[in-house]
Structures are given as structure tokens and as C-alpha cells.
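Student: Structure for the following, please:
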Amino acid sequence: MLQLCQVTSTLFISNARSACSAELIQREAVTLCINVTRQQPFPKCSVATMRIPILDEPSEDLYVHFDMCANAIQREAQHGGRSVVYCKNGRSRSAAICIAYLMKHQRAALTDALQEVKAARHVIDPNPGFMAQLRRYEDELKRRESQ
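Tutor: Numbers count the residues shown, from 1 in each chain. Okay, here's the model as predicted:
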């Protein structure tokens, strides 16, 4: 079944097959697609796109993309848009980006952000490397806030 899983009123998470459905993108009024893969396609419709060319490997550095992606999702929401973040299966890479967004712009703790994304899409399971990077990001966000 094709579906975009709603995390917040302006953020969805999905697998590539669903995210590439122009019909779904239009029905959910998505205006930004963040593709967290090296080769999965984008939907064939007029939406803003962003590619984060990362493999689902614990050694990949997704951390360096957290701020940029979180800020892009936030900007889109502030302009009345909606974002979908997806990877091949909608389990690890896309989940980590959604969690980073919730931590940065909704000031959620990592455990709460993880639960919120899991409630939207129960199959999410960021790999151990991405979880370690999210813990590091949580520490970094706390440091920034206390300065």
C-alpha cells in the first residue's frame, strides 16, 4: 500500500515507492521532497527537491546533514509548505532526519522524537551508527541552547 506517514502537520516520512507517487505528493500537498539516498528517484511533479547522498551504513556521516535538513523542513513549514523525507525503505536514513528535525525545531528529547516518528511509521529503525550520531546531535543542541 502506498502511503505517506504523517509525523507532524507539515512533515511526512515514507519509502521511495510511496514518495515517488505524484498522486500522493499532490494529495498531501507536499512541497519539498528530501531524498536520503544516492539513487532513488524523485516524484515526477513540480516540488522542490533535495538529495542527501547517503547509504544506510552505520559508518556514513548523516550528522553533517542534520542542521541543513531540519532547517529546510522548518523553512518549508513557515512558508505554508509540507515536506516528505524518504529513503529506500523509509526505516533508517529518513527516520534519523525526521528525528533530528523534531529535536532541533520542536525541542524534543531524542527518546521522545524517536517515539513520535515510530508512532507515525512503526517500521522505523535507525541503524546503530545513526543512533549514535543522533545522541551526539542531542548533546550539541543542548550545548548550543546553554550558550
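Student: To what extent is residue 121 buried, counted in neighbours?
Tutor: 21 (other C-beta atoms under 10 Å). No exception for glycine: its C-beta is placed from N, CA and C like everyone else's.
Student: Report the buried residues of the longest helix along the chain.
Tutor: Using DSSP state H to define each element, the chain has its longest helix at helix 128-146. Neighbour-count burial for helix 128-146 flags 129, 130, 131, 133, 134, 137, 138, 141 (criterion: 16 or more other C-beta atoms under 10 Å).
Student: Show me how far that helix is from its chain's centre.
Tutor: 16 Å (C-alpha atoms, centre = their mean, to the nearest Å).
Student: Quick one: mean pLDDT for that helix?
Tutor: Confidence over helix 128-146 (mean pLDDT, whole number) is 97.
Student: Same check on stretch 15-22?
Tutor: 97.
Student: which stretches of this protein form helices?
Tutor: 16-19, 22-27, 63-78, 93-105, 110-120, 128-146.
Student: Which one, of these, ends up nearest to residue 5?
Tutor: Distance to residue 5, taken as C-beta to C-beta, is lowest for helix 110-120 among these, at 4.5 Å.
Student: Quick one: mean pLDDT over stretch 102-121.
Tutor: Mean per-residue pLDDT for stretch 102-121: 98.
Student: Quick check: of the buried residues of helix 128-146, which lies closest to residue 21?
Tutor: Comparing the buried residues of helix 128-146 against residue 21 with C-beta to C-beta places residue 130 closest, at 25.7 Å.
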